[in-house]
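In: When you get a sec, could you give me coordinates for this:
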Amino acid sequence: MSYAIVIGETGAPEILFKSEVPTPKVTEGTVLIRNQASAVNFIDTLIRRGSLAKESMPALPHVLGVEGAGIVEAVGEGVSGVARGDRVAWMGPIGAGGYGSHSVIAAPYVTRIADTMSFSAAAAIPVNAVTAWHMLVNLGQAKAGNTVLVHAAAGGVGTMILQIARYLGLTTIASVRSEKMDFVRALGADHVIDRSREQPVERVNEITRGRGVNLSLNPISGNTLATDLETLAPFGTAVIFGFLGGLPAGTFADDFAKHFQKSVAVRLSDIYTYFNSAPQAFNADLSKVFDLLARDLLHPQITELPLEAASEAHRRLESGITTGKFVLTID
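Out: Predicted structure coming up:
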């Protein structure tokens, strides 16, 4: 038997409980991993609360966790590139069971990690870093010299965007609350906007001398998308990858007409679209970000808690005052 933190019903963080669960079976094309660490993601809290759309909610009881790191215990038929005993990191679908001692993951979503790399650092990378790389490179087509506006820059994805942007030669403008300004400066943000006190359009125009930004990466939306359209340079792109502040607000017939002559674009980004539709390309990007980690170009900002403290991790994440990423360590 294995063990995991389980949801038996939706509700507050206290509903998470530890239980014995059957050890999952390896199948063709998959890898059985004994987890040593698992990262906490915002989607975990949405599932726990029952806040996902009905068709997206998993059946209960359910084990949370869509990324982790550990040691390969078995490989299925047809798997190459990883072997029993390898240290690996992985990303999986909803239901991958990262808050547990074992996960079975399809081979394209598993990558080997260096012996010197900590499991906690590795567990914090797949979702955030591949999301950041995908939006900057694949969707945003960012090039050296471009300027990118990063909303919620102190979060897990935001911190990866700042670091990957520096590697790509981009200029970054980080938008955060005042108490997080020093944190993102230390991560290499070239400019910082205090979104609780400053007007973003005015500050972006000041910073860019009226040119605007080539790319905005936005997990907040709400009324911020209308603001992003104001800040975009000609041919600029706004990428929405979350709705922390609610669904987009604004009269977009008017907004789009207003910015028509800038030829701007708005894109939506759900990392699982990429995950499901292009597994080999996803694997290449997963390998790329782990190469950056191995070369000491990425520094995940993590807070470690034991698996049994998953409820506390959820409470802190939902408070909105955290920085970086929570990682649950697993004995």
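In: The nearest residue to Leu187 once chain neighbours are set aside: neighbouring residues, count only.
Out: Counting by Cβ to Cβ, 6 or more residues apart in numbering, the nearest residue to Leu187 once its immediate chain neighbours are dropped is Leu162, at 4.9 Å. No exception for glycine: its C-beta is placed from N, CA and C like everyone else's. By other Cβ atoms under 10 Å, the residues close to Leu162 number 23.
In: pretty sure Gly156 is touching Gly324, no?
Out: Yes: between Gly156 and Gly324 there is a contact at 6.3 Å, judged by Cβ atoms under 8 Å.
In: Identify the contacts common to those two.
Out: Shared contacts of Gly156 and Gly324 (Cβ atoms under 8 Å, 6 or more residues apart in numbering): Ala124, Gln301.
In: neighbour count winner among those two?
Out: Gly156 (29 against 20).
In: got the end-to-end distance for stretch 40-59?
Out: From its first residue to its last, stretch 40-59 covers 20 Å (Cα to Cα, to the nearest Å).
In: what's the offset of that stretch from the middle of its chain?
Out: How far stretch 40-59 lies from its chain's middle: 15 Å, per Cα atoms, centre = their mean, to the nearest Å.
In: Show the average pLDDT along it.
Out: Average pLDDT, stretch 40-59: 93.
In: which residues touch it?
Out: Under the criterion Cβ under 8 Å, 6+ apart, residues 7, 10-11, 13, 15-16, 62, 64-67, 94-95, 99, 127, 156, 242, 244, 310, 313-314, 317-318, 325-328 lie in contact with stretch 40-59.
In: Could you check the lowest-mean-pLDDT helix or strand in the chain and say which residues are buried?
Out: Every helix and strand of the chain was ranked by mean pLDDT, DSSP states H and E. The lowest is helix 252-258, at a mean of 75. Neighbour-count burial for helix 252-258, with 16 or more other Cβ atoms under 10 Å as criterion, is recorded at Asp255.
In: what packs against it?
Out: helix 224-231 (3 or more Cβ pairs under 8 Å, 6 or more residues apart in numbering; DSSP states H and E).
In: Check the offset of the helix it packs on from the chain's centre.
Out: In terms of Cα atoms, centre = their mean, the centre of helix 224-231 is set 22 Å apart from its chain centre.
In: Please apply the same query to stretch 63-74.
Out: For stretch 63-74, the distance to the chain centre is 17 Å (Cα atoms, centre = their mean).
In: Mind listing what's buried along it?
Out: Val63, Leu64, Gly65, Val66, Glu67, Gly68, Ala69, Gly70, Val72, Ala74.
In: now do stretch 99-119
Out: For stretch 99-119, the buried set under the neighbour-count rule, 16+ other Cβ under 10 Å, comprises 99-113, 117-119.
In: again with stretch 28-35
Out: Within stretch 28-35, the residues that count as buried by 16+ other Cβ under 10 Å are Thr30, Val31, Leu32, Ile33, Asn35.
In: Give me the residues contacting whichever strand or helix holds Gly236.
Out: Applying DSSP states H and E as the criterion places Gly236 in strand 232-240. Contact with strand 232-240 is made by 135, 139-141, 147, 208, 211-219, 221, 225, 228-229, 248, 259, 262-269, as judged by Cβ under 8 Å, 6+ apart.
In: Just those: which are in strands?
Out: Residues from the contacts of strand 232-240 lying in strands, with DSSP state E as the criterion: Thr147, Val213, Asn214, Leu215, Ser216, Leu217, Asn218, Ala265, Val266, Arg267, Leu268.
In: Count the neighbours of Gln301 for me.
Out: By other Cβ under 10 Å, 19 other residues sit near Gln301.
In: quick one: contacts for it?
Out: Gly156, Thr159, Leu187, Thr323, Gly324, Lys325.
In: Look up how far Arg49 lies from the nearest residue to Ala233 once chain neighbours are set aside.
Out: With Cβ to Cβ, 6+ apart as the criterion, Ala233 has its nearest non-adjacent residue at 3.5 Å, and that residue is Gly212. Using Cβ to Cβ, to the nearest Å, Gly212 is found at 37 Å from Arg49.
In: and the two? which has more neighbours close in?
Out: Gly212 (22 against 16).
In: can you pull out the helices in the stretch 1-150 of the chain?
Out: Secondary structure of the stretch 1-150 of the chain (DSSP state H, counting those that start in this stretch): helices at 42-49, 119-123, 126-133.
In: quick one on the thing from earlier: give the PyMOL command for selecting the buried subset of the contacts of strand 232-240.
Out: Of the contacts of strand 232-240, the buried ones can be selected in PyMOL as follows, counting by 16+ other Cβ under 10 Å:
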select buried, resi 135+139+140+147+208+212+213+214+215+216+217+218+219+221+225+228+229+248+259+264+266+269
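In: which one in this structure is furthest away from the centre?
Out: Ranked by distance from the centre of the chain (Cα atoms, centre = their mean), the top residue is Gln261, with 32.9 Å.
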